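K.L.:
Provided below are the primary sequence and the corresponding predicted coordinates.
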Amino acid sequence: PKNLHKKWKISDFELGRKLGKGKFGKVYCVREIETGFVCALKVMDKRELVNYKVERQFVREIEIQANVRHVNCLRLYGWFYDHKNVYLILEYAAEGELYKLLKSKKRFDDVTASYYTIQVASALSYLHKKHIVHRDLKPENILLHFNNQIKLSDFGWSVYAPSNTKRTTMCGTLDYLPPEMVEAKTHDEKVDVWALGVLLYEFLVGRPPFEEQNSSTTYKRIAKVDLRIPSFVSPEAADLIRKLLTYEPEKRIKLSDIGRHPWILKNRLHWPS
Ligand SMILES: Clc1cnc2c(Nc3ccc(N4CCOCC4)cc3)nc(-c3cccnc3)cn12
C-alpha cells in the first residue's frame, strides 16, 4: 500500500490463515481489500503490551522498521490500533520461519548456509550504515521468502548504536550474546557481526556454539570464546566462523569483507540466480 498516511482499520483487511504466534501476538496472512495486496498482520493485545512493559520497545520497533528499506529486511508498511489491539501491517514472507526449516533439516549444506549468510550480512551492512544495530539476530527472527530469500524481522531489540542499554534478556537465549555484552561493556554494531558467527555456526552444526545446560556456563564459554567446531564443518567455513567469533570487536571480520571470503566465493557459483 503506497498511501502511508491512510488511517488503516481492521475492516480494510480480509483475514486469511493464521501464520503463527509470536512473542506478543498472532500473525495472520491478510489481503488489503481495496488493492488485493497480500501482507501479514501482526495483532497484539494492548493489555499484553502494557503488562509486559514493552510499549517503549514496541514504539522503537515501529520507528526503526518503518524506515528500513532493504530486500532482506521485512518491510513494515504501517500500523494502527483499536480499543483492544495494536496491529502491524508487515510484508508477507511466503516460506515461513527459517527456525522451523533448520529444525526440520537439522543443519544446512554449505551452499544454502553461505547464501543465507551473505544475505544476512547484506542486511546488517545496510542497517549499520544507518547506525541501526539489530541486536537480536537468531533463526527465530529470520523469515524466508521465495528462492531462499532471507527477511530479517523483529526489530524490537534494535537500537541506534552505540549504546550500553542493558539488554534485559527478558526472553529467549543468551547464546547469541558477544563477550562485550556478557561483560556488560559498551557495545556497538560489532555485536551483530558476532551474532552472525553464531548464526553461521548454527546453520552448519544445527545448534549454537556455546549452548550449555545452565546459562552461567554459557557465559563463561562465550567470555573465553571456548569455540569447538566439529570436523564435518569444512575448513573454509570454520575459518569464516573463527573470523566472526573473534573476542576483540574491532578484530572481527568486516561485513564488507565476507563477500570476498574463500568459503563464500567457492559456494556462490551454486546459489539460486
Ligand atoms: Cl511477520 C510475517 C510475515 N510473514 C510471516 C510468516 N509467513 C509464513 C509463510 C508460510 C508459512 N507456511 C509455509 C507452508 O508450511 C506451513 C507454514 C508460515 C509462515 N510467518 C510468520 C510467523 C510468525 C510467528 C510464528 N510463525 C510464523 C510471520 N510472518
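P.N.:
That came through, no problem. Residues are numbered from 1 along each chain as shown.
K.L.:
Got the phi and psi for the residue of the stretch 1-150 of the chain found nearest the ligand?
P.N.:
Closest residue of the stretch 1-150 of the chain to the ligand, CB to the nearest ligand atom: residue 20 (2.1 Å). Where you see a C-beta, it was placed from the backbone N, CA and C, and this is true even at glycine. Backbone torsions for residue 20, taken as degrees, to the nearest 10, come to phi 160, psi 180.
K.L.:
and what of residue 249?
P.N.:
Dihedral pair for residue 249: phi -50, psi -40, per degrees, to the nearest 10.
K.L.:
what separates it from the ligand, distance-wise?
P.N.:
From residue 249 across to the ligand, the span is 31 Å (CB to the nearest ligand atom, to the nearest Å).
K.L.:
isn't that residue right next to residue 187, touching?
P.N.:
Yes: at 7.4 Å, residue 249 counts as touching residue 187 under the criterion of CB atoms under 8 Å.
K.L.:
Need the overlap of contacts for the two.
P.N.:
Counting by CB atoms under 8 Å, 6 or more residues apart in numbering, the residues touching both residue 249 and residue 187 are 178, 180.
K.L.:
Neighbour count: the two, which is higher?
P.N.:
residue 187 (25 against 17; other CB atoms under 10 Å).
K.L.:
just to revisit the earlier point, my read: the residue of the stretch 1-150 of the chain closest to the ligand touches residue 97, true?
P.N.:
Yes: using CB under 8 Å, residue 20 is in contact with residue 97, at 7.1 Å.
K.L.:
higher neighbour count, those two?
P.N.:
Taking neighbours as other CB under 10 Å, residue 20 and residue 97 compare with residue 97 leading, 19 against 12.
K.L.:
for that one, what are its contacts?
P.N.:
If you count contacts by CB under 8 Å, 6+ apart, residue 97 has them with 20, 139, 140, 142, 143, 144.
K.L.:
quick one: it and residue 220, what's the gap?
P.N.:
30 Å (CB to CB, to the nearest Å).
K.L.:
can you check residue 98 too?
P.N.:
29 Å.
K.L.:
ditto for residue 56
P.N.:
Counting by CB to CB, the gap from residue 56 to residue 220 is 32 Å.
K.L.:
Between these two, tell me which one has more neighbours.
P.N.:
More crowded of residue 56 and residue 220, by other CB under 10 Å: residue 220, with 13 against 8.
K.L.:
so which helix or strand takes in the residue nearest to residue 244 when sequence neighbours are not counted?
P.N.:
Once flanking residues are discounted, residue 244 sits nearest to residue 197: 2.8 Å by CB to CB, 6 or more residues apart in numbering. If you go by DSSP states H and E, residue 197 is part of helix 190-205.
K.L.:
what does the chain have sitting close to the ligand?
P.N.:
Contacts of the chain with the ligand, taken as CB under 6 Å from any ligand atom, map to 19-22, 27, 40, 42, 74, 90, 92-97, 143, 153.
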